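K.L.:
next comes the sequence, and after it the predicted model I'd like to discuss.
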Amino acid sequence: MNFPRTLAALAVVAALALPGSARAADEKPRARDLGVPFDGSPGTLNAITDVPGVEVGHSTIIKGEGKRVIGVGPIRTGVTAVFPRGLASSDPVFAGVFSLNGNGEMTGAHWLDEFGVLEGPIMLTNTHSVGSVFEAVIAWCLKENRQPGSEYCWSLPIVAETWDGELNDINGFHVRKKHAFEAIESARSGPVQEGNVGGGTGMICHDFKGGIGTASRVISASEGGHTVGVLVQCNYGLREQLRIAGVPVGRELTGSGVRVASESGSIIIVIATDAPLLPHQLERMARRAALGLARNGSISGSGSGDIFIAFSNANAGAVQTQRTTAVNVYPSDNMDPLFAATVEATEEAIINAMIAAETMTGADGVTVRALPHGEVREILRKYNRLAE
């Protein structure tokens with residue numbers, strides 16, 4: 001933690017009393033634990049895994065220090081896997097994708113846009129490791145015999161990336177098949193690790209340490225009672241742009257960072273729901289993630305790859321190749337609560353990533369500072385936005 005011990009102790013005590021934080025005393029604080037106010041009602045874990053069936057796994061690679069030597073290190077990277085129906089299921093889901101700014105990559109997106117169906121996990125890693133993770137997913141599907149009775153496996157896995165080249169020896173190609181397998185095979189329900197983990201290990205957000213973050217929202221019973229969960233790999237934005245709960249926190253914070261002239265990062269946003277949505281409806285949900293991103297100050301700069309994917313794990317067994325099936329469909333005219341949940345959970349997931357992330361020193365001694373918790377609290381208090 002990077003605020004005084006007395007404040008840290010108070011934050012932990014407060015966290016145990018706050019709803020939606022879902023954390024034990026020995027876990028990292030989250031945004032609500034620090035008194036950041038958010039709209040909406042989170043699920044039990046305030047995580048993407050509040051959507052029943054969703055599982056998340058990470059593989060984190062941290063090795064070496066000092067001068068960058070390509071192929072040697074230092075290494076600050078990893079892989080994250082998100083399974084819509086869990087590791088054990090091979091049942092596809094309906095999905096939709098949206099690119100707010102295309103300076104990034106999400107493999108399989110063109111076919112997903114065409115077909116509306118997602119098979120297998122969503123994988124997150126660094127920009128120059130997309131190929132190795134792509135191959136690893138196919139290899140894992142073959143190993144697990146996900147297409148019984150056939151040696152022929154046709155697959156276009158979803159692998160998305162953001163750039164971690166400031167902290168990581170990104171041109172050393174350190175992410176291997178075994179790391180993708182580790183992320184896949186460690187996928188579980190329950191609390192999700194945040195901050196410097198998995199694909200988010202070496203990421204930077206608003207010039208502070210970024211990484212993996214998650215949040216969720218539960219829709220009221222009168223509006224369907226469904227859950228929306230979001231997971232982000234955040235690596236975008238300049239310091240002066242950062243807003244938290246509507247407060248221009250980035251302008252108030254002191255110190256200098258590594259991305260001061262132009263935005264050179266990206267963000268991948270994964271949205272899950274148990275509402276029975278069709279692909280075109282899920283694309284509409286994915287578009288709304290942009291509004292949550294904007295709440296935190298992003299302008300989706302020209303150098304940023306901002307790509308979002310949404311899936312529904314309702315309608316189990318509905319994707320068939322040889323027969324007609326019936327599906328339940330959520331009324332499109334009533335999607336506003338789902339849109340609001342997407343915006344709110346996206347906003348909070350990003351801040352959760354920054355709150356959980358810790359100061360990291362990487363290649364060539366570059367240090368990226370963690371968001372200073374104590375300063376953030378004082379700035380929110382100054383603007384009368386701190387939830388005591």
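P.N.:
Cool, the structure landed. Everything numeric in this text was worked out from a predicted model, so none of it was measured. Numbering: from 1, shown residues only.

K.L.:
low-confidence stretches in the protein?
P.N.:
Along the chain, segments meeting pLDDT under 70 span 1-26, 146-152, 260.

K.L.:
how about the spatially closest residue to residue 224 that is not a sequence neighbour, what does it touch?
P.N.:
Take residue 224 and drop its neighbours on the chain: the residue closest to it by C-beta to C-beta, 6 or more residues apart in numbering is residue 275, 6.4 Å away. For every residue, glycine as well, the C-beta is placed using N, CA and C. Shown in contact with residue 275 (C-beta atoms under 8 Å, 6 or more residues apart in numbering): 219, 224, 226, 228, 312, 314, 330, 338.

K.L.:
got these as CSV, with neighbour count, distance to residue 383 and secondary structure columns?
P.N.:
Shown next, in CSV, are the contacts of residue 275 (neighbours: other C-beta atoms under 10 Å; distance: C-beta to C-beta, whole Å; DSSP: H, G, I helix; E, B strand; the rest coil):
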residue, neighbour count, distance to residue 383, secondary structure
219, 19, 30, coil
224, 17, 35, coil
226, 22, 33, coil
228, 32, 28, strand
312, 28, 37, strand
314, 21, 40, coil
330, 18, 38, coil
338, 28, 30, helix
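
K.L.:
closest to residue 30 among those residues?
P.N.:
Closest approach to residue 30 among these (C-beta to C-beta): residue 228, at 17.7 Å.

K.L.:
out of the contacts of residue 275, who's nearest residue 373?
P.N.:
Nearest to residue 373 among the contacts of residue 275, with distances taken as C-beta to C-beta, is residue 228, at 27.0 Å.

K.L.:
is the closest one bridged to anything, and to what?
P.N.:
residue 217, residue 273 (DSSP bridges).

K.L.:
these two touch, right, it and residue 219?
P.N.:
Yes. Using C-beta atoms under 8 Å, residue 228 is in contact with residue 219, at 7.3 Å.

K.L.:
shared neighbours, the two?
P.N.:
Contacts common to residue 228 and residue 219, judged by C-beta under 8 Å, 6+ apart, are 275, 338, 341.

K.L.:
list the buried ones in stretch 204-221?
P.N.:
204-219 (16 or more other C-beta atoms under 10 Å).

K.L.:
among the residues you listed, which pair sits farthest apart?
P.N.:
Top of the distance list for these (C-beta to C-beta): 207 and 219, 34.6 Å.

K.L.:
and stretch 44-53, end to end?
P.N.:
14 Å (C-alpha to C-alpha, to the nearest Å).

K.L.:
any idea which element the residue most central in space within the chain lies in?
P.N.:
With distances taken as C-alpha atoms, centre = their mean, the residue of the chain nearest its centroid is residue 232 (1.7 Å). For residue 232, the enclosing helix or strand under DSSP states H and E is strand 227-235.

K.L.:
in CSV, could you pull the C-alpha coordinates for the next helix-or-strand element following that strand?
P.N.:
For strand 227-235, the following helix or strand on the C-terminal side (DSSP H and E) is helix 249-252. Listed next in CSV are the C-alpha coordinates belonging to helix 249-252 (Å, rounded to 0.1, in the frame of the first residue of the first chain):
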residue,chain,number,x,y,z
VAL,A,249,-7.9,13.7,-9.8
GLY,A,250,-5.1,13.6,-12.4
ARG,A,251,-4.7,17.4,-12.4
GLU,A,252,-4.4,17.5,-8.6
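
K.L.:
about what we covered before: any idea how far residue 341 is from the residue nearest to residue 224?
P.N.:
Residue 275 is 9 Å from residue 341, where distance means C-beta to C-beta, to the nearest Å.

K.L.:
helices along this structure, start to end?
P.N.:
For the chain, the helices defined by DSSP state H cover 5-17, 109-115, 130-143, 177-185, 249-252, 279-295, 336-356, 373-382.
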